[in-house]
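1. return atomic coordinates for the entry below.
(one chain, ligands or ions: 1)
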Amino acid sequence: MWKKEPNYLTHSLVALFLFSLLSGCHQGDSSTKAIASPATPSPTSLQTSPSNDTATAISYPSFDAEEAFTLLKKQVDFGPRYLGTEAHDKTLQFLRDEMQKYADVTVEQRFFYRDMPVTNVIGIFYAKGQNRPSPHPVLLMAHWDTRPVADGPYSAELAKGPFKYGPHGWNRLAPIPGANDGASGVAVLLELAKLFHKQRPPVGVLLLLDDGEDYGDFEANNFKGDGVELGSRYFANHYTEDPRFGHPAYGILLDMVGGKDMRIYPEQNSMLYAPDINDRVFGTAQVLGYSDIFVRDTGQTVDIDDDHLAMNTQGHIATIDLIQPLPDPNHPIVGEYKPWHTLEDDVAHCSIKSLKAVGDTIARVIYTETAN
Ligand SMILES: [Zn+2]
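-> Residues are numbered from 1 along each chain as shown. Got it, this is the predicted structure:
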């Protein structure tokens, strides 16, 4: 993911205005079917354990954040996992094996970027009582590749000279470990896969582990990018070709959800394209006692160029992005992830507590969903 281009805020404000005019139409869109009647937990259903939800008589397996942390470490142990590397191949095999253990069906989308294979791994989980894919599953997604250059604002590598971008000119001398930026979201999704396998949720789920998010230059082609968000754009443009994917009711992107001292703020494009889902997720986190991490009442927002954009604009799937803020030396924000795109994006800068908050929240969102 990347900072938005400088003039994007203006676009967003215009778009928000237009959206407010058109929101009546948007509510009737079939792609928002499942969010028309969200099972948002009421404050009276406050609980101490998500696995013993007596107030709503819904029980589901508990999210094991220590296991998720092990899955995070496992990915980091493969080494930097960017396109074209052996570590990338090994990670793919690991993700494929894990997904096949838990999903009802595992599908891969494979294509090439500059002769390098790019692979999305997609797990299809049936809804409770069903023996076929849901026509409107919930899409949960995270990118599994890592960035080949440590070009974050706090990267010590920046002092060694400017990074080169451009066709085959990318400087790959300082690839990041990608513990938070890559491994954390995947770890949460793979741990959720175990839950869905143990007990089928009321809705079908697609788990999309997408590739090639972080390879290239986000600012190329007037900020359309080159070699970035490859897997999400591919999925957004091709998922209708495989009826097993259905048309997802909505999507939730997890990107950097495991950093220490993490805060997650509402993201502007998420509020623009999927306000109901955004409210529901932050509301669920609040019910679970995680409002210290999911902060939504301060007026603070973030604006991120990430995999959710392709889903919203090309795939017509209303999708939000949950992400620890990217650091900006000119505008520091509480809970930002300073090791972003540096060699310090490692296991030591991640935390079980952060994975737990996100895993619990998403598990509850899915298990309290209305069958569709
Ligand atoms: Zn990144």
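2. check which helices and strands the host helix or strand of residue 238 is in contact with.
-> Residue 238 belongs to helix 230-238 when elements are defined using DSSP states H and E. Packing contacts for helix 230-238, counted by 3 or more Cβ pairs under 8 Å, 6 or more residues apart in numbering; DSSP states H and E, involve strand 105-113, strand 116-125, strand 138-143, strand 205-210, helix 308-313. Bear in mind the C-beta positions are built from the backbone N, C-alpha and C, glycine included.
3. quick one: contacts of that helix?
-> 109, 111, 113, 118-120, 122, 141, 143, 145, 208, 210-213, 215, 307-311, 313-315, 317 (Cβ atoms under 8 Å, 6 or more residues apart in numbering).
4. the closest residue to residue 126 other than its chain neighbours: neighbouring residues, count only.
-> For residue 126, ignoring the flanking residues on the chain, the nearest one in space by Cβ to Cβ, 6 or more residues apart in numbering is residue 104 at 4.9 Å. Residue 104 has 18 neighbouring residues, counting by other Cβ atoms under 10 Å.
5. contacts only, for residue 104.
-> Residue 104 neighbours (Cβ under 8 Å, 6+ apart): 123-126, 133.
6. picking up where we left off before, closest to the ion out of the helices and strands packed on helix 230-238?
-> strand 138-143 (8.0 Å; Cβ to the ion).
7. same question for stretch 312-319, mean pLDDT?
-> Averaging pLDDT along stretch 312-319 yields 98.
8. gap between it and the chain center?
-> Offset of stretch 312-319 from its chain centre (Cα atoms, centre = their mean, to the nearest Å): 14 Å.
9. what comes up buried for that stretch?
-> 312, 315-319 (16 or more other Cβ atoms under 10 Å).
10. including neighbour count, pLDDT and distance to residue 94, could the contacts of residue 104 go into TSV?
-> Listed next are the contacts of residue 104 as TSV, based on neighbours: other Cβ atoms under 10 Å; pLDDT from 0 to 100; distance: Cβ to Cβ, whole Å:
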residue	neighbour count	pLDDT	distance to residue 94
123	27	98	14
124	22	98	19
125	27	98	19
126	20	98	24
133	19	98	24
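11. next SSE downstream of the helix holding residue 238?
-> strand 250-255.
12. so what's the residue in the stretch 251-372 of the chain that the ion sits nearest to closest to, chain neighbours aside?
-> Closest to the ion within the stretch 251-372 of the chain is residue 341: 5.8 Å, counting by Cβ to the ion. Nearest residue to residue 341, sequence neighbours excluded (Cβ to Cβ, 6+ apart): residue 152, at 3.1 Å.
13. related to what we said a few turns ago, in the helix holding residue 238, what's buried?
-> 230-236.
14. off-centre distance for it?
-> Centre to centre, stretch against its chain (Cα atoms, centre = their mean), the figure for helix 230-238 is 14 Å.
15. again with stretch 100-115
-> Worked out by Cα atoms, centre = their mean, stretch 100-115 lies 17 Å from the chain centre.
16. next one: stretch 261-273
-> Distance, centroid of stretch 261-273 to centroid of chain: 12 Å (Cα atoms, centre = their mean).
17. how about stretch 235-243?
-> Worked out by Cα atoms, centre = their mean, stretch 235-243 lies 19 Å from the chain centre.
18. over to stretch 211-223?
-> 17 Å.
19. around the ion, pick out the residues from the chain.
-> 147, 181, 214 (Cβ under 5 Å from the ion).
20. give me the number of neighbouring residues for the second one.
-> The tally of other residues near residue 181 (other Cβ under 10 Å) stands at 30.
21. got the phi and psi for residue 259?
-> Backbone geometry at residue 259, expressed as degrees, to the nearest 10, gives phi -70, psi 150.
22. for it, give the beta-bridge partners.
-> residue 350 (DSSP bridges).
23. surely residue 295 meets residue 262?
-> No. The pair residue 295 / residue 262 is not scored as a contact, 10.2 Å apart, by Cβ atoms under 8 Å.
24. higher neighbour count, those two?
-> Set residue 295 next to residue 262 and count neighbours by other Cβ under 10 Å: residue 262 wins out with 26 against 18.
25. could you check the pLDDT of the more buried one?
-> pLDDT, residue 262: 98.
26. could you do residue 2 as well?
-> Residue-level pLDDT assigned to residue 2 equals 81.
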